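Peer 1: take a look and give me a structure for this.
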Amino acid sequence: MDDGVLPRTPFLLFALGVAGCSSEAEPAPVVSDCVAPSRRVGDRCLEPGVQDDGCPAGALGLDDGSCQPAGVPPELCGAGFEPDGRMGCEPILPPEICAPGTMAVPGETTCHSVMTCGSGKWGDIPIDATTVYVDGAYGGVDSDGTATKPWTTIADAVAAADAGALVAVAAGAYNEDVVIRKMLRLWGVCPDEVALRGTSSAIAALDLGPGASGTEVHGLALVGDSIGLLASGVEDVLLDRVWVHDAPWRGVNIEGTFGPTSVTFDRTLVENNHEHGVFVIGSEVTIMDVVVRGTQPHASNLRLGRGINIQLTCIGTACFADARSSAVITRSVVEQNHEVGVFFMGADVTLEGVVVRDTAPQASDQGSGRGISIQAACNEVNCDPATRSIVTARGSVIERNHDVGIFVAGSQAKLEGVTVRNTLPQASNQIAGLGMNIQLLCTEGACRPNMRSTAHVRSSLVEQAHTFGLGVMGSDVTLEGTVVRETQPQANTQSFGRGLNIQLGCTREACDPATRSTAQVRGMLVEANHDLGAAVLASDATITGLLVRGTKASAADGTFGDGLAILSHLAPATATVTGTLIDANARAGLSSFGAAVALGSTVLSCNTIDLAGEIYFDQPSSFTDMGENLCGCPTPTSDCHSRAAGLAPPAPLEAQ
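Peer 2: Here you go, the predicted model:
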């Protein structure tokens, strides 16, 4: 398939074959007659398998009149990324993970130190008239903060400096705890040579609190005996070219306990800390050109180990909807963390040009290992829709994580130009491994009908997941121009392997008929999956321009292999399918189990059974012929007729 933008023209289906879109399609001539099964739309005569806007199945019509093949177009790969040749994006990064103390962000092909050290005792520190000097190697007893008689501790310099002053720190290991309560500019010559090592007598190596708004921290390493950096009740703080590492607790803790708090991270490395690399609660952060790597679980219980955690304020079981966090994260890498790479709860977040990869399972139970988790706050007592997260992600790559690549529960997400690939099953039980999962929030064995998710997924790629590629459960979604490809079976049973799965909410105990999903599907490509290419279970879907092909039978027992399956399980299922091409699937092209399906301007070609209608729990299937449908093989030329073939119905999946 050509990854370029196509002219919007009728799809010359039988001349071009059914392999996909072609950039060579010519505009359709204006004709006086349009003979069935073709149809007239405006001044064009469109064949079956073509959408009303003139775009072929598997392509998305754009506002400028062109047709864009499903997948991530090159322009959505963004700075620091390049097309991968498979309708997705690949980050431009070194081939190997960088060594400790070095980093690379998207667009950089070699690992480098966090900051160059410059020359001389003070390196490239921007010395000015306000500067107070620190040199731990000074042997005199007459320190006064001048360059010739510097303070020997950072804390002494901070105490002596006037608000707004620059504190310049020479090379050395400073084993002390520093508390700042006024605006200062703290500069080390470079993180490789300046280390502030906190002691066990304080909560953090560097503590920024009320009065320190506007403080800047540059060019040093923070190694806390508990936390590397704590900031609370301070605004407009800058953390620039800092290396926060090997803290036995959190690397960075940003909280609103003492008042409004906002911090910007720039060109900073946070690695090998414990519990959370960056923890943000009830605060605002900007994270750009940052690497968060190798966060380890808490030593006492082997839990967590998250890279970035951004959430609203919670005390005990009570969470406060008016104490939300917000974040902008750009051109950053979150890698080799544990349990969850990036976690959002009750947060408003924009991600752009972010790589989240290689998240390991939680060490205590070998569960989870998710890439991105987007959710609301919910417990056994209360689930408040006001605590939902609202997240926009663009031009990002989520790869080689466990359990779920992108998980959305009881929240709102807009995902555009996102590549999710190679999601692995949970290590503990070899289940899941989902690419994207958009669901209502479920806790304690129950799903909460008032905690639905809403999502818009556009021009994205989900490939080589396990169990299912893109799942929707008890939620409302718009899915446009997205590819779901090569989903593998669930590892422990070899069952499933579905591409797109839209269903009601189900737990291990039961499915809830009140939690049906709604889906608008347009211009998608679903190919080379297992079990079912696309499924609508006890839900409602409007499907336009879907290209589903090459669905394989279940690896477990050789059953299934339907391109599109509609099932009324505990509640009715409905689907309206137009401008769609369903080709070369192992069992049925389109199967209905007690469901109501309206079908128009669609081609079903070279499936073992093109159109199957089965009775399900005494409920017959119904098909409404909207006209202009074609079935057959190798050239679809005949009308489509459903038949009962005694096919086994698919099963819904449990909430994650």
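
Peer 1: OK, contacts around the nearest residue to residue 201 once chain neighbours are set aside?
Peer 2: Nearest residue to residue 201, sequence neighbours excluded (CB to CB, 6 or more residues apart in numbering): residue 177, at 6.4 Å. Just so you know, the C-beta spots here come from the backbone N, C-alpha and C atoms, and that holds for glycine as well. Residues in contact with residue 177 (CB atoms under 8 Å, 6 or more residues apart in numbering) are 155, 198-199, 201-202, 204-205, 207.

Peer 1: got those residues as JSON lines, with pLDDT, neighbour count and distance to residue 495 columns?
Peer 2: Conversion of these to JSON lines gives the following (pLDDT from 0 to 100; neighbours: other CB atoms under 10 Å; distance: CB to CB, whole Å):
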{"residue": "155", "pLDDT": "97", "neighbour count": "16", "distance to residue 495": "61"}
{"residue": "198", "pLDDT": "94", "neighbour count": "26", "distance to residue 495": "51"}
{"residue": "199", "pLDDT": "92", "neighbour count": "12", "distance to residue 495": "55"}
{"residue": "201", "pLDDT": "89", "neighbour count": "9", "distance to residue 495": "56"}
{"residue": "202", "pLDDT": "92", "neighbour count": "18", "distance to residue 495": "54"}
{"residue": "204", "pLDDT": "96", "neighbour count": "24", "distance to residue 495": "49"}
{"residue": "205", "pLDDT": "97", "neighbour count": "29", "distance to residue 495": "50"}
{"residue": "207", "pLDDT": "97", "neighbour count": "21", "distance to residue 495": "53"}
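
Peer 1: sort out for me which of those residues are in strands.
Peer 2: If you go by DSSP state E, the contacts of residue 177 have 204-205, 207 in strands.

Peer 1: hmm, back to that, now the residue nearest to residue 201: how far from residue 167?
Peer 2: 15 Å (CB to CB, to the nearest Å).

Peer 1: lowest-pLDDT helix or strand in the protein?
Peer 2: Least confident helix or strand, the chain: helix 13-16 with a mean of 34, by mean pLDDT, DSSP states H and E.

Peer 1: element containing the spatially most central residue of the chain?
Peer 2: The residue lying closest to the centre of the chain (CA atoms, centre = their mean) is residue 406, at 4.1 Å. Secondary-structure element containing residue 406, defined by DSSP states H and E: strand 404-409.

Peer 1: send me that strand as CSV with only the CA atoms.
Peer 2: Listed next in CSV are the C-alpha coordinates belonging to strand 404-409 (Å, rounded to 0.1, in the frame of the first residue of the first chain):
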residue,chain,number,x,y,z
VAL,A,404,-1.4,-3.1,27.4
GLY,A,405,0.4,-0.6,25.2
ILE,A,406,-2.1,2.3,25.8
PHE,A,407,-4.8,1.7,28.5
VAL,A,408,-7.7,4.2,28.8
ALA,A,409,-10.2,3.6,31.7
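
Peer 1: now it, how far from the chain's geometric center?
Peer 2: Centroid separation for strand 404-409 versus its chain: 7 Å, with CA atoms, centre = their mean, to the nearest Å.

Peer 1: and stretch 446-457, by the same measure?
Peer 2: Put simply, stretch 446-457 sits 17 Å off its chain's centre (CA atoms, centre = their mean).

Peer 1: same deal with stretch 618-635?
Peer 2: Taking CA atoms, centre = their mean, one finds the center of stretch 618-635 at 36 Å from the center of the full chain.

Peer 1: hmm, back to that, pick out the most distant pair among the contacts of residue 177.
Peer 2: Using CB to CB, the two most remote members of the contacts of residue 177 are 155 and 204, lying 13.1 Å apart.

Peer 1: quick revisit: can you give me the buried ones in the strand holding residue 406?
Peer 2: Buried positions in strand 404-409, judged by neighbour count with 16 or more other CB atoms under 10 Å: 404-409.

Peer 1: likewise stretch 602-614?
Peer 2: The neighbour-count check on stretch 602-614 (16+ other CB under 10 Å) flags 602-614 as buried.

Peer 1: repeat for stretch 70-87
Peer 2: For stretch 70-87, a neighbour-count test (16+ other CB under 10 Å) marks 70-73, 76-78, 80-81, 83-84, 86-87 as buried.

Peer 1: same deal with stretch 369-384?
Peer 2: 369-378, 383-384.

Peer 1: can you check stretch 562-574 too?
Peer 2: Residues 562-571, 573-574 are the ones in stretch 562-574 that count as buried (16+ other CB under 10 Å).

Peer 1: circling back to that earlier point, parallel or antiparallel, list what pairs with the helix or strand just after the least confident helix or strand of the chain.
Peer 2: As assigned by DSSP H and E, the chain's next helix or strand after helix 13-16 is strand 39-41. Sheet pairing of strand 39-41 (DSSP bridges) gives strand 44-46 (antiparallel).

Peer 1: the helix or strand following the partner strand pairs with which strands?
Peer 2: Using DSSP H and E, the next helix or strand after strand 44-46 towards the C-terminus is strand 59-61. Strand 59-61 has the following strand partners under DSSP bridges: strand 66-69 (antiparallel).

Peer 1: can you report phi and psi for the closest residue to residue 236 other than its chain neighbours?
Peer 2: Counting by CB to CB, 6+ apart, the nearest residue to residue 236 once its immediate chain neighbours are dropped is residue 214, at 5.1 Å. For residue 214, the backbone dihedrals (degrees, to the nearest 10) come out as phi 80, psi 0.

Peer 1: and the longest helix for the chain?
Peer 2: Longest helix in the chain, counting residues (DSSP state H): helix 154-160.

Peer 1: give me the beta-bridge partners of residue 393?
Peer 2: residue 351, residue 415.

Peer 1: contacting residues for it?
Peer 2: 350-352, 354, 372, 406, 413-416, 418.

Peer 1: reformat those residues as TSV; add pLDDT and distance to residue 319.
Peer 2: Putting the contacts of residue 393 into TSV (pLDDT from 0 to 100; distance: CB to CB, whole Å) gives the following:
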residue	pLDDT	distance to residue 319
350	98	22
351	98	22
352	98	27
354	98	25
372	98	20
406	98	22
413	98	20
414	98	23
415	98	25
416	98	29
418	98	28
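
Peer 1: mind checking pLDDT for residue 74?
Peer 2: Residue 74 carries a pLDDT value of 96.

Peer 1: any idea how far the closest residue to it other than its chain neighbours lies from residue 71?
Peer 2: Closest residue to residue 74 apart from its sequence neighbours, by CB to CB, 6+ apart: residue 83 at 4.8 Å. Separation of residue 83 from residue 71 (CB to CB): 9 Å.

Peer 1: for residue 335, same thing?
Peer 2: 24 Å.

Peer 1: now residue 389
Peer 2: 26 Å.

Peer 1: ok, now residue 495?
Peer 2: As for residue 495, its distance to residue 71 is 27 Å (criterion: CB to CB).

Peer 1: hey, what's the angle from the helix or strand harbouring residue 438 to strand 404-409? Just curious.
Peer 2: Element membership for residue 438 (DSSP H and E) is strand 434-439. With axes from the mean of the first three to the mean of the last three CA atoms, to 10 degrees applied, the angle from strand 434-439 to strand 404-409 works out at 0 degrees.

Peer 1: quick check: mean pLDDT of strand 434-439?
Peer 2: Taken as a whole, strand 434-439 has an average pLDDT of 97.

Peer 1: pull the distance from the helix or strand that that strand is followed by to the chain's centre.
Peer 2: For strand 434-439, the succeeding helix or strand toward the C-terminus, using DSSP H and E, is strand 442-443. Put simply, strand 442-443 sits 21 Å off its chain's centre (CA atoms, centre = their mean).

Peer 1: ok, stretch 216-224 next?
Peer 2: Its chain's C-alpha centre lies 30 Å from the corresponding centre of stretch 216-224 when counted by CA atoms, centre = their mean.

Peer 1: measure the residue nearest to residue 581 when sequence neighbours are not counted to residue 435 for me?
Peer 2: Nearest residue to residue 581, sequence neighbours excluded (CB to CB, 6+ apart): residue 57, at 3.9 Å. Applying CB to CB, the value for residue 57 to residue 435 is 21 Å.
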